[in-house]
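# fold the following, please.
(chains A and B)
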Number of protein chains: 2
Amino acid sequence: MMKVLVLGGGAAGMSSSSRVRKLRPNAEIVVYEETNMVSHAPCGVPYYVEGLFNNEELFMTYTPEFFREKRKIDVRTGYSVEEIDLNSRVVKVRKNAEKKSEEYDYLIIALGAKPKKVRQSGSRIFYAHHPAQAKSLRDDLWALNKIAIIGGGILGVEMAEALHAVGKKVTLIQRSSYVLNKMLDSDMAHVVTDVMSKEIDLRLNERVESIEEEGKVIVTDKGKLEVDGVVVTIGVEPNISLLKDQLKIGKTGAIWVDETMKTNKENVYAAGDNTETRNIVTGKPTWMPFAPVANKMGFVAGSNIGGKRMEFPGTVGTMITKYDRLFIGKVGLNESEAKEAGLKPYSSMIKSKTRARYYPEPKDIYVKLIADEDTSTIIGGQIIGEEEVLGRLDMLAAIVMKRFTIEESFFVEMGYLPAIATVWDPVIIAIRELMKA
Amino acid sequence: MMKVLVLGGGAAGMSSSSRVRKLRPNAEIVVYEETNMVSHAPCGVPYYVEGLFNNEELFMTYTPEFFREKRKIDVRTGYSVEEIDLNSRVVKVRKNAEKKSEEYDYLIIALGAKPKKVRQSGSRIFYAHHPAQAKSLRDDLWALNKIAIIGGGILGVEMAEALHAVGKKVTLIQRSSYVLNKMLDSDMAHVVTDVMSKEIDLRLNERVESIEEEGKVIVTDKGKLEVDGVVVTIGVEPNISLLKDQLKIGKTGAIWVDETMKTNKENVYAAGDNTETRNIVTGKPTWMPFAPVANKMGFVAGSNIGGKRMEFPGTVGTMITKYDRLFIGKVGLNESEAKEAGLKPYSSMIKSKTRARYYPEPKDIYVKLIADEDTSTIIGGQIIGEEEVLGRLDMLAAIVMKRFTIEESFFVEMGYLPAIATVWDPVIIAIRELMKA
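Predicted structure coming up:
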C-alpha cells in the first residue's frame, strides 16, 4: 500500500492529500501539522482582529475530524517537523515530549511561509500571520491604543483597516513612496493613499531604523515615534530551513519544482507557499504565496502522485485586497514589472463609473491596463473601485493567461446591467484606449 | 468628400458614426433619428418606472448637441424614415410636414428593434420600449393600481421589479413553466421564481388568449383576470419593414451581414438590433439585441467604412438582469440550446457562498456550467446571486469565446478576498465538477 506523507496542513497540504485520496482510495495518507488547525486561512486574521467574527474554528475550511472521518486522511496536529532526511526517506516529528520517525513512498512538502521578522523582539512587537495565534494577537492589540504598523503591503493595509475600525490610533510606516508598491503602479496607488491618509497617520518614504523599549519606541530616518505597540508586516518568506541543503531551491528562494510539482528528488513534491512557480507572462520563476494558488498546486501534486498526470500552468499573479470600501486588485504585470522583464509595455488608465448614468449611487472605478508593444497582448491590469472589482479582475486573469490580443479582449462580451455596469464597461473603455486607431 | 448616412441614432448608430468621424475627419456624417433622443438606453426604462431617476436626459449617453459640436456629426432628430431605395441610393425622411431626400456614399442601417405587439390595442395596453415614451408610460402606470405583465423575459422581470417597488399589485403571466426561459435552464430558474412569487402574483404555464376592454380584462386559458392595465413584454423584433425586399435577410429575421458588418449590397452596412450575427459557440446565425453588442457592431461597421478593416467575431450571448437583490446572468449556451445545436452537453450545478465562512453576511450564489463532451470545453454558464455575479460572468464570456478547455478554465487564477469570494471560487468549484476525475 502506497504511503503518502504530507508536511503541513494548510491549503496545499489538505488539497493535495484530498486529491490523492480521491484518486487512490487505498493509499495511506498521513498529514503532520504544527498547530491545532488544518486547512487554515491566514487571510482571515485581519478580519478577526477587526472583530467581524469570534469563533476561531471558522478559520478552518474543514476540521481535522472532517478529514479523518470523511476523507480517511490521518491528520495529526500539534507536531512540529524536526528533521527531514530525503536520502533515507525519513521525517522526524515531535509533539511535546513525544518523538516519531516516519517513512514514506511519496512526500509532499507544504510547510508554507513564515513572516519576515525584524531584528528586535519584545512583548509589544507583533506579527499577524497564523490563525492559531489570532486570539492572543487580538487580545493584545485590543488592549492598546496607539499602534504602529511597519510595512504597507497587503497585510499591512488590511491590518490598518482592522485596527482603525476598532478605534485604534494607527500609524502606518512605509519605506516606499506609496502603499501596495509590489502590486500597484504609483499612478493607481494614489487612489488608495488618498483614502487611507484621511483615516490613519500614513507615513510614506520613511524607513524604520530600530524598534526600542519592547516595541514602544520606533526610530525612523525621520525621527522617533512613541506607540503602545507595533505590528510588523514586512512580508513573508518560504519556510524551507530544514530543506535548503537537500533540495534544489529556485532563484526566488522557494523550492524548485517541475510542472507536475515534483522537486528535483524522486517521489518528493512541493506545493503551496514554500514552492516556486513560473510567471505565465514572463516565463520566469516567481513566488506567489496566496491561498488559491496553493490549493491548485496541491491539487496538481496530488493528481500526479495519484496517477493522473496534470501540469500546473504557473501564475498570472492575481491579487486583491480591500481598504475600507475600496477593493484593490491586480493581475499580470504592472508597468514597472513589465519594464524590468525587458518587455515594451504601454498602458491606458481610465476613471469611470460602475453604474449607468441614471442609476442611483454610481461608484468610481479606476482601471489601468498594460499591453505589450511587440505582441499586442494585454499583460496586466489594475482595478480599484467600490463594487464588482473582483470579477472584472478574474476576466483579466483569463485574458492575460490565454494571451488574448487587445482586439480579442475588446470583443469579450462583458455583461451590461445599469445597476452594476456601464454600457461600455470600464474595462472595455480601457482596452479601447490601448487600440492604436 | 465621402458622405455617410446613418439611419437610427441609438447605440449602433452613434458608435458607428463616431468611429467614422475618428478615422475620417473630413467625412460628411448625417444621422437621422425618429425621436428626440440619441445614444439612448431602453435598458433604463424599468428603472425610470421604478422612480430611481427623474431626468429623462439621463437616458442619453450624449446629447445631440454633444455629437454635433464635439464630433461634428450632423444629428437630425424627429425624422422618421419613409422610404429607402438602395438601388438609386436615396433615403426619404419626414419631420411633420417637411420631407427630405438624402443620397449617400455609405449607408449604415441602425434602426434597432421594436416591441412585438398583441393583436388588440387600447388605452390600458402598454409597451415599455423607448426612453422617449418613458415619461408618459410612467405617468400612466403610476396612476394605476393592479397591473398585469404579459411575458416573463428580461424586460418582463425588470418591469415586475419596478412596478412592485412602487407599490403596485403585479401579476406576471408567462406561457412557459418558468421566467427567463430563453436565458436559464429550468433547474436554475427556480431560484428566481421562488423570490418573485413571494412578491407578485406569478402565473406560470398560463397562456393569454385575448385582452379586452382596452386592457382591463385579460382572458387566459385558465380564466379571466381583471386589472387596471397591462404591460406587454413578449419580446422584440428587428425593425426591417422598409428593407426586407431589398436586402438579404438572415434566418433569424434580421439583416444578414458579413464579418465587416456589410450587407449584401455594396456600401450598405447594418449594425445593432436590426442585424443578425453569428453565435461563436455554434457558428450559426443568431440575433442578439443588446446594447453592448450593438455598440461593438457599430464600431466595426464604422471602422470598415473609415478604412480600417475589422471583423466582428460574433456573440457568446452574454445576458444579465436583476430581480430585487438577485443578479441573474447567462453566457454561451444553456443546456437546452446546446442540445438543440446538436452538441453533447453535460453540466455541473452548485450552490455556494460569495464570502469566506467567517466573513459576515455571506450571500448564496448559484453557478451552472455547461461543457461539451466532444471538445472538453466550457460552452455556457448561468450565475445567480446577490453580489459579484457580473464579473464572474464576464470571465466566463472570455472562457467561452476563446474556447478554454475545462482544465484551462480550472486554472484561471481567480482572485480571492474573504469579503467577496471563497478560496475555491464558486465558479472554480463548478468547473471542478466538470472534470471527469
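
# residues contacting the residue in chain A that chain B sits nearest to?
In chain A, no residue comes nearer to chain B than A:Gly391, which is 1.4 Å away by Cβ to the nearest Cβ. C-betas here are computed from N, CA, C, even on glycine. By Cβ atoms under 8 Å, 6 or more residues apart in numbering or on different chains, the contact list for A:Gly391 reads B:388-395.

# for chain A, which spans come out with low pLDDT?
For chain A, no stretch is flagged by pLDDT under 70.

# roughly how far does the residue nearest the centre of it sit from A:Val236?
Nearest to the mean C-alpha position of chain A, counting by Cα atoms, centre = their mean, stands A:Phe290 at 3.0 Å. A:Phe290 is 11 Å from A:Val236, where distance means Cβ to Cβ, to the nearest Å.

# now do A:Val227
23 Å.

# can you check A:Tyr346 too?
33 Å.

# more neighbours: which of these two?
Between A:Tyr346 and A:Val236, counting by other Cβ atoms under 10 Å in any protein chain shown, A:Val236 is the more crowded of the two (19 against 14).

# surely that one and A:Lys117 touch.
No. Between A:Val236 and A:Lys117 there is no contact under Cβ atoms under 8 Å: 10.4 Å.

# and chain A, what are its domains?
With domains defined by automatic domain parsing, chain A comprises A:3-41+A:61-114+A:237-305, A:117-232, A:319-434.

# quickly compare those and say which is most buried.
Across the domains of chain A, averaging neighbours per residue (mean count of other Cβ atoms under 10 Å in any protein chain shown) puts domain A:319-434 on top, at a mean of 22.

# and that one, how far apart are its ends?
End-to-end distance for domain A:319-434: 23 Å, by Cα to Cα, to the nearest Å.

# which residues of the stretch 151-300 of chain A lie near chain B?
A:290-293, A:295-296 (Cβ under 8 Å from any Cβ of the partner chain).

# which stretches of the stretch 201-350 of chain A form strands?
A:201-203, A:208-212, A:217-220, A:223-226, A:229-232, A:236-238, A:268-270, A:277-278, A:285-286, A:319-323, A:326-332, A:345-353 (DSSP state E, counting those that start in this stretch).

# list the contacts of A:Ala291.
A:11, A:41-43, B:416, B:423.

# next, give me the two most distant ones among the residues you listed.
Taking Cβ to Cβ as the measure, those span a maximum distance of 11.8 Å, between A:Pro42 and B:Tyr416.

# circling back to that earlier point, could I get the contacts of A:Ala291 as TSV with secondary structure?
Shown next, in TSV, are those (DSSP: H, G, I helix; E, B strand; the rest coil):
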residue	secondary structure
A:Ala11	helix
A:Ala41	coil
A:Pro42	helix
A:Cys43	helix
B:Tyr416	coil
B:Val423	coil
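
# now render the residues you listed as CSV, adding distance to A:Leu141.
Shown next, in CSV, are these (distance: Cβ to Cβ, whole Å):
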residue, distance to A:Leu141
A:Ala11, 25
A:Ala41, 19
A:Pro42, 16
A:Cys43, 18
B:Tyr416, 24
B:Val423, 25
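
# if we can go back for a sec, may I have the helix or strand harbouring the residue of chain A closest to chain B exported as PDB, CA atoms only?
Per DSSP states H and E, A:Gly391 falls inside helix A:390-401. Extracted in PDB, the C-alpha atoms of helix A:390-401 (Å, rounded to 0.1, in the frame of the first residue of the first chain):
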ATOM      1  CA  LEU A 390     -13.200  41.000  -8.300                       C
ATOM      2  CA  GLY A 391     -15.000  39.500 -11.300                       C
ATOM      3  CA  ARG A 392     -13.600  42.100 -13.700                       C
ATOM      4  CA  LEU A 393     -10.100  41.200 -12.400                       C
ATOM      5  CA  ASP A 394     -11.000  37.500 -12.900                       C
ATOM      6  CA  MET A 395     -11.800  38.200 -16.500                       C
ATOM      7  CA  LEU A 396      -8.500  39.900 -17.000                       C
ATOM      8  CA  ALA A 397      -6.800  36.900 -15.400                       C
ATOM      9  CA  ALA A 398      -8.300  34.700 -18.100                       C
ATOM     10  CA  ILE A 399      -7.300  37.300 -20.800                       C
ATOM     11  CA  VAL A 400      -3.700  37.500 -19.600                       C
ATOM     12  CA  MET A 401      -3.400  33.800 -19.000                       C
END
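
# fine by me, thanks again.
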